[in-house]
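Novice: Dropping a prediction and its sequence here:
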Amino acid sequence: MAERNRRSGRRGNDIDYQVVRSIGILAEYSSGWTKEVNMISWNGGTAKYDIRDWAPDHNTMSRGITMHEDEVKALLEVMNGYFSRIRKKDQPRTRRPVEEEIPFDDPPEEPMEAAEQFWDEEKEPGCDAPEAPGGPEIAEDESGEQAAV
């Protein structure tokens, strides 16, 4: 079990802390100090996740941040989303492989129904959309108006 330590707080009151579990070192400085992620129990309370700089002897620490488990999980989600967006921007755009077309064993009974519904609607002026197969042919009369043939 980790040893309990005491630190003098900002207002002169002592703060008890115990490093319950060392999770990892994020950075090591030339001074010997390290930025660490630990589980720390403050004043005998439930251990929380903690990120801060520590002196080599672990008797002196810098200001840091202490978080509950749900806050750490939220931080990880935010950071994963952030880094995935950065990776997408930095990656060169590549062509994706075309998916193989899967043939239907039983084609629909009326395969043109959806296309016929689409082309039966009145065309907008200037629309050069091709005629649906089997759809009505449209011809322009002398006045420039369209009429079904």
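Specialist: Arrived safely.

Novice: what helices or strands is the longest strand along the chain leaning on?
Specialist: Counting residues, the longest strand in the chain under DSSP state E turns out to be strand 14-28. On a contact count with 3 or more CB pairs under 8 Å, 6 or more residues apart in numbering; DSSP states H and E, strand 14-28 meets strand 4-8, strand 34-42. To be clear about C-beta, it is placed using only N, CA and C from the backbone, and glycine gets the same treatment.

Novice: rank those strands by mean pLDDT and give me the bottom one.
Specialist: The stretch with the lowest mean pLDDT among the helices and strands packed on strand 14-28 is strand 4-8, at a mean of 62.

Novice: for the longest strand of the chain, which positions count as buried?
Specialist: The neighbour-count check on strand 14-28 (16 or more other CB atoms under 10 Å) flags 17, 18, 19 as buried.

Novice: Please name the bridge partners of the last one.
Specialist: Beta-bridge pairing for residue 19 (DSSP bridges): residue 40.

Novice: so how far is residue 86 from it?
Specialist: According to CB to CB, to the nearest Å, residue 19 stands 33 Å off from residue 86.

Novice: and if you look at the second one?
Specialist: Taking CB to CB as the measure, residue 18 and residue 86 are separated by 37 Å.

Novice: now do the first one
Specialist: Distance from residue 17 to residue 86, counting by CB to CB: 35 Å.

Novice: ok, residue 60 - contacts?
Specialist: Counting by CB atoms under 8 Å, 6 or more residues apart in numbering, residue 60 touches residue 54.
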